[in-house]
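J.: pasting the sequence and the predicted coordinates here, then a few questions.
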Amino acid sequence: MKTTLNVLREIILHLPRTIRLALYENRSRRSQLLLGRVWDFLNPLFQILIYWFVFSVGLKTETRNGFPYAIWLMCGMMPWLAMNASSVNAANAIQMNAHVLKNVAIPVTIMPMKAIVKAYYEHLWTMGILVATLLFTGVWPTLHWLELAYYLLASGAFLTGFALITSSLSAVWRDFFEFLNPVMRLMFYISSVVWPLESLPENLQVIMFLNPFAYVVEGYRKCLLYGEGFWLNWQQGAYFWALTLLLLVMGSLLNMRLRRRFIDQL
């Protein structure tokens, strides 16, 4: 537990520096594009339109739980896109920034955390699309919308532990990153992003219950559409936080143990 507290203290201590680096990289990358920051809106919008076309037009899915399918899909897709980008980019962060770690004395944890900060910075921008769409279609704000802060905190804590594990393994075992990509694609289809939990067989519902990504995806919908408090789903919430704590402990131990091997193998 001491190791976990030391790693978390390191992450929190260097969080302002991590945020500055993430914002600088984002501005630098967007400055080279003609449309610049507009791509922060267009990328998720294009992905939503693709899945909307496949499921709504192709498979004739008109509504989900009383809401237009496009609206229902957006409320689940937005958090998924942020979590997926965080997971994939954080896993490869140490490897991709090997030249920096070799020449600059900075904590290794900055690299995966920078990927998470960057993804959620873009997520906050894309939430503007979602809020505007909800208002346009007659879905008005309630006090439950404030619970999005809880799900942002929950997903951030989970992704921190997840990133500590995946970035450490990817740095010393290059094949792990290639293995992670299909795993995340599988997670997409068992995270209730494109179909509701209650429409699936009971055995698949259990799998989704155990999927931490599904907890956040469904949480967004409960806040924005259903008006349900996060405390009503306390069983899955307790499981989610227990898993998050386990990942933080395991990730911290793994990160500290493998640090000496990072520089030698990068």
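T.: Structure received.

J.: what average pLDDT does stretch 147-159 get?
T.: Averaged across stretch 147-159, pLDDT comes to 94.

J.: now it - C-alpha only, PDB.
T.: The C-alpha trace of stretch 147-159 is given here as PDB (Å, rounded to 0.1, in the frame of the first residue of the first chain):
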ATOM      1  CA  GLU A 147     -23.400  13.500 -11.400                       C
ATOM      2  CA  LEU A 148     -21.300  13.500 -14.500                       C
ATOM      3  CA  ALA A 149     -18.500  14.800 -12.200                       C
ATOM      4  CA  TYR A 150     -18.700  11.600 -10.300                       C
ATOM      5  CA  TYR A 151     -18.400   9.400 -13.400                       C
ATOM      6  CA  LEU A 152     -15.500  11.600 -14.600                       C
ATOM      7  CA  LEU A 153     -13.700  11.000 -11.300                       C
ATOM      8  CA  ALA A 154     -14.600   7.300 -11.400                       C
ATOM      9  CA  SER A 155     -13.300   6.700 -14.900                       C
ATOM     10  CA  GLY A 156     -10.200   8.800 -14.200                       C
ATOM     11  CA  ALA A 157      -9.300   6.700 -11.200                       C
ATOM     12  CA  PHE A 158      -9.900   3.400 -13.100                       C
ATOM     13  CA  LEU A 159      -8.000   4.600 -16.100                       C
END
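
J.: now that stretch: buried residues?
T.: Of the residues in stretch 147-159, Glu147, Leu148, Tyr151, Leu152, Ala154, Ser155, Gly156, Ala157, Phe158, Leu159 count as buried by neighbour count, 16 or more other CB atoms under 10 Å. (Glycine included, C-beta is placed from N, CA and C.)

J.: how far away is Val216 from Arg17?
T.: Taking CB to CB, to the nearest Å as the measure, Val216 and Arg17 are separated by 27 Å.

J.: between these two, point out the one with more neighbours.
T.: Remark: of Val216 and Arg17, Val216 carries more neighbours, 22 against 14, as counted by other CB atoms under 10 Å.

J.: give me the spatial nearest neighbour of that one, chain neighbours excluded.
T.: Computed as CB to CB, 6 or more residues apart in numbering, the closest residue to Val216 that is not its neighbour in sequence is Ser155, at 4.7 Å.

J.: same question, Ser167
T.: The shortest distance from Ser167 to any non-neighbouring residue, by CB to CB, 6+ apart, is to Pro112 (4.1 Å).

J.: got a list of what the one you found touches?
T.: By CB atoms under 8 Å, 6 or more residues apart in numbering, the residues touching Pro112 are Ala90, Ala91, Ala93, Ile94, Ala163, Leu164, Thr166, Ser167.

J.: how many neighbours does the first one have?
T.: Just to be clear, that refers to Ala90. For Ala90, the count of nearby residues is 27 (other CB under 10 Å).
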